[in-house]
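# Mind folding the following:
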Amino acid sequence: MATAWSRLNQIIIERYPKLIESSRTQVVWYTKEMVNNGVNGIDNVCSSLIKQIAGGDVSAKNVWLAENLLDIFTENKSWLEKYPVLTNMALYTYLRIIEDHTSAMLVPLKQREVDFCISLLRSKFSVCCRIGRDLLRLLQNVAKIPEFEKLWFDILHNPQSLGPQFTGIMQLLSQRTSPKYLACRLTPDMEKKLVFLTSKVKFGQQKRYQDWFQKQYLSTPESQSLRCDLIRYICGVVHPSNDILCSDVIQRWAVIGWLLTTCTSNVAASSAKLALFYDWLVFSSPKGNIMDIEPAILVMHHSMRSHPAITATLLDFLCRIISNFYPALESQIRQGVFCSLRAILEKRVLSSLSPLFDNSKLDKELRAMIRETFSEFCTPDTPLAKEPPALIDSGQTSMQKEDDTVSSNHKEETIPEFSDDEEEEKTNCKIDERIFRPINEEEEENEGDIESYLEQIEGELKDICEQLYEQRNADAERQCELMENLCGVILEFDTFDADTAGPLAMFLCTLYKSHFTNELLPQEINEESIEDSIGKPIFVIFRNLNQENEDELCPVELLTLVCCMYEKQKQIGYHLLYFLQASKKTTENKLVVYEEVCKNTELKDLGKCLVKDFGTCQEDNVRLMCFLIPPVYANFPDATIKNIDLLNIVAGSLDPSQLQDLICEIMEGCLEMFKKESVASVLEETLGWETFEQYIVWQLLAAHEIEVDHFITVVPKLNYRGVFNV
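Residues are numbered from 1 along each chain as shown. Purely as a prediction, here's the structure:
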C-alpha cells in the first residue's frame, strides 16, 4: 500500500496539471473514497493535492479542485483533525484563497470556506497556532468578513476564550512560520521553477525565465495576490548556501525586486511590502534567522542607484509600519525592527546603514522621517537642506511592470541593476504619487546629438532631414511622405558611399529610436492590422529597398544606408525581417533583401546575422520572434536548420503555448526545423543545454516525421539522472 501511495503522490506532484479532466476527477474521487474509509497514508496524498490549489487563480479547474477538497475535509472533519499538519495546511490554504474568491459566482464557495476556517479556528485554535505568525497575516486579509471580525475581537480582547494557553497577538507573532506552510501555497511546478531561478540561473540570463514565469502565473488581475506567497516563500524557505551567495547566480533580493515591480495595484503593493518585512516586526537576535530579513535590506540597498523609487517606498513603509501595524504593540514592533537592523550590521550583510538612510536621492521629508525613526543608524548632523531634487514617495505606492532584469551579483563592490544595460537614473526625475514610472533602459539622445549628425549631412539630404526633425511629432503620413522624398534624393546620387550614409544612418536611428522600442506585432493579426503596423517612416526605406526592378537587385544606395543603420541600431535586423514578411510582395523568397543586407554587414554571414537578430528579438518581444520563425526557416533552410545557436535561442525562449503553436506549424507542413541527414549531429550539440531547452528541442523533433533510426546514436549519450528537471 505504501508503494501505491508513493506512486500516486508522484503522479499528483509531477503530472497533475497535465492530467486530462477525467483523470483528475478519478484521482480526487479515489482520494475521497480512501478518506471515507480511513485508509492509512492517504493524508500525504491530500497534502499533495492541497499544494495543487494555486493562489491568485480563479480558473474553473483550480476552483473545482478547491471545492472538491473542501467537500472531503468538511465531510470528514473528525478524520482531518487526527492529522495536525494536514489540518493546518488546509486552514492556511483556504484562509489564503478566500481573498481570491470575490466574484458573485464564487460567493457560495467563499462562504463555505469561511465556515470551514472559522470552525477549525474555534475548535482547534491551539493546533492552528502552530502555523506561526503568518496565520495572523492571513487573518488580516479577511478581517472585514463578519465571522472573522468576531474572531479578531476575541483574539484582541478575550484571547483565552480561544484556548487556555493563548495569551494574545504577541504570542503568535513571536512564532516563526514553519517553512512547510509557506511552501504549501506554491504549486510544485511554481516551487520547482522558483528554486531553479534562485539556484541555477546566472545574473544577466534571468529575463527569459522571469518573462515565462510572469506569463504563466502572474499575468491575470487575480494573480496580484500571488506575489505575497512568492515573497514569503523566498524569505522563509529559500535559504541559499554560502557557495551560491558568493557565486554569480541571481540572488533572492533581485527576484523579490522583480516581483515588487510587477505589482500594479496599491493593495497588492502594500501586501507585498508587508510580506517582505513581516519577519522584521518581532525579530529577536538569538532566535531569529538572518536569512529571513536579509532580502529586504538588500532590495533597498541595491535599488538605490538605479531604482531609488523602490528604495523610497520600502523605507517609507518600514518607518510607518512601526506605529501603524498595531499601536498597542508599537514598542515591541520598534524593538523587532531595530533588532533586525542591528543583526544586519553584526552579520555584515551591510557594513553601514548610513549610505541607505542618509542618501541624497531620497526626498527631504522622507529622510527627516528616517532620521527621526532610526536615529541610531544615521550619521549625526547630516544636512537636510540644499540637496538635489529627490524622489517623492507616498505611503501607498503601486509599482508598474517593467523589464526587470538584473545584471550583477550579490557583492557590494558591483551594484546590480534591475534592467540590463541600464544607466543610473537622473536624480531630478519625478514620479507620480500613486504609480512608479517605468525606467527607460537607455538615456534619450539629446538634441545636441541630433544636431551634430545634421551638421555632417550636406545638400538636399540635409534640407529633408531638417524637415524630418521639425516634423518629428507630426502625423505618420506626413513623416512617411518626407521619408519618401529622402529615398528619392538618395536614389538620384551618382555615388552614395558609407561616408555619406553613416551620418544619415545615425541621424535616422536617433530620430526614430522610439519606433524601435514600441510594440511591433499587433495583438490581433489580420491584413489591416499588419498593414497599419508597417506604416512608420523607417519602413518607407525598407519599402523602397524592396521595390521591384528589372535586375531584381536591391538599390545599392539604399542598401548602403540600411547596412549602416544595421550596424548602429540593433533592432533594425528583425524589423526588416518583419517588414519583408508583412509586405504584400509576392515572390518565391520574400526575405531575399534581408540576405543581401547580411552579406554587406560586418558579420557578412546570413546565419550569424540571424542569430544576432533573433537574440535581440527574443529580448524585446518573444511573440514577434515566434511569428518570424516559420518564414525564416522556410526561406533560409541552409542557414537555419543546422544553426545550433539559433536553435538554442528558440528553445530558450518558448513558453508551452508558443511551443504548441510551432508544433502545429510543423505538423501542417508550414515549418521544418530538422532534416534527417543532420538531426543526429544537431541533437548531440544540445546535450549540454538546460533541461527545459532540451525538452523543447525533443518536442519540436517529435512533430517531424523523422524515423528514430536517424538519431538512435544519440540516445545512449542521454543522461537521465544528471539532469535538473525544470
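
# Where does pLDDT dip in the stretch 551-700 of the chain?
Applying pLDDT under 70 to the stretch 551-700 of the chain flags the ranges 551-553, 584-589.

# repeat that for 80
551-554, 584-590, 655-657, 690-692 (pLDDT under 80).

# all strands of the stretch 351-500 of the chain, in order?
With DSSP state E, counting those that start in this stretch, the ranges of strands along the stretch 351-500 of the chain come out as 398-399, 435-436.

# Mean pLDDT lowest where, among these?
Among those, strand 435-436 has the lowest mean pLDDT, at a mean of 32.

# Pull the number of nearby residues for Ile344.
23 (other C-beta atoms under 10 Å). The way it works is simple: take the backbone N, C-alpha and C, and place the C-beta from them, glycine included.

# Confirm for me that it is in contact with Ala296.
No. Here Ile344 lies out of contact with Ala296, judged by C-beta atoms under 8 Å, at a distance of 9.3 Å.

# Now find how far off-centre stretch 686-703 is within its chain.
Computed by C-alpha atoms, centre = their mean, to the nearest Å, the separation of stretch 686-703 from the middle of its chain amounts to 23 Å.

# same deal with stretch 331-350?
30 Å.

# Tell me which residues are up against it.
Residues outside stretch 331-350 that contact it (C-beta atoms under 8 Å, 6 or more residues apart in numbering): 170, 279-285, 288, 290, 293-294, 297-298, 301, 318, 321-322, 325-326, 351-353, 356, 374, 376-377, 412.

# Let's see that with 7 Å instead.
Stretch 331-350 is contacted by residues 170, 280-285, 288, 290, 293-294, 297, 301, 318, 322, 325, 353, 377 when judged by C-beta atoms under 7 Å, 6 or more residues apart in numbering.

# Can you say which of these are buried?
The neighbour count (16 or more other C-beta atoms under 10 Å) marks 280-283, 288, 293-294, 297, 301, 318, 322, 325, 353, 377 as buried among the contacts of stretch 331-350.

# which one among those gets closest to Gln699?
Checking the buried ones among the contacts of stretch 331-350 against Gln699 with C-beta to C-beta, the nearest one is Glu294 at 38.9 Å.

# ok, the closest one - contacts?
Counting by C-beta under 7 Å, 6+ apart, Glu294 has contacts Val349.

# From Leu218, how far out is Thr261?
In this view, Thr261 and Leu218 are 11 Å apart by C-beta to C-beta, to the nearest Å.

# same question, Gly573
30 Å.

# Please apply the same query to Leu95.
21 Å.

# neighbour count winner among those two?
Neighbours were counted for Leu95 and for Leu218 using other C-beta under 10 Å; Leu95 has more, 25 against 18.

# Could I get the contacting residues of that one?
With contact set as C-beta under 7 Å, 6+ apart, Leu95 has these partners: 117, 138-139, 142.

# Restricted to strands, list those.
Of the contacts of Leu95, none are assigned to strands by DSSP state E.

# If you count neighbours, what's buried in the strand or helix carrying Gln332?
Per DSSP states H and E, Gln332 falls inside helix 330-346. Of the residues in helix 330-346, those buried by neighbour count under the rule 16+ other C-beta under 10 Å are 332-333, 335-341, 343-344.

# Then stretch 71-83?
Of the residues in stretch 71-83, 72-73, 76, 79-80, 83 count as buried by neighbour count, 16+ other C-beta under 10 Å.

# what does stretch 474-493 give?
For stretch 474-493, a neighbour-count test (16+ other C-beta under 10 Å) marks 479-483, 485-487, 490, 493 as buried.

# what about Ala368, how many neighbours?
Neighbourhood size, Ala368 [other C-beta under 10 Å]: 12.

# quick one on the thing from earlier: neighbour-wise, which of the contacts of Leu95 leads?
Of all these, the highest neighbour tally under other C-beta under 10 Å goes to Cys117, namely 26 neighbours.

# Verify the stated contact: that one with Tyr92.
No. With contact defined as C-beta atoms under 7 Å, Cys117 does not count as touching Tyr92 (9.5 Å).

# Run the chain-centre distance for the host helix or strand of Lys608.
Assessed by DSSP H and E, Lys608 sits inside helix 606-620. Its chain's C-alpha centre and that of helix 606-620 lie 22 Å apart, by C-alpha atoms, centre = their mean.

# Who are the packing partners of it?
In terms of contacts (3 or more C-beta pairs under 7 Å, 6 or more residues apart in numbering; DSSP states H and E), helix 606-620 is packed against helix 572-582, helix 592-599, helix 622-635, helix 637-640, helix 644-651.

# so which of those comes closest to Glu470?
Counting by C-beta to C-beta, Glu470 lies closest to helix 572-582 out of the helices and strands packed on helix 606-620; the figure is 24.1 Å.

# Looking only at that closest one, what residues are buried by neighbour count?
For helix 572-582, burial by neighbour count (16+ other C-beta under 10 Å) applies to 572-582.

# Over to stretch 683-701?
683, 685-686, 689-690, 692-697, 699-701.

# How about stretch 266-273?
Neighbour-count burial for stretch 266-273 flags 266, 268-273 (criterion: 16+ other C-beta under 10 Å).

# thinking again about what came up before, wait, which of the contacts of Leu95 is closest to Phe166?
Among the contacts of Leu95, Leu139 lies closest to Phe166 (C-beta to C-beta), at 13.5 Å.

# wait, doesn't the closest one sit right on Phe148?
Yes. Applying C-beta under 7 Å, one finds Leu139 in contact with Phe148, separated by 6.4 Å.

# Out of the helices and strands in the chain, which is least certain?
Ranked by mean pLDDT, DSSP states H and E, the weakest helix or strand in the chain is strand 435-436, scoring a mean of 32.
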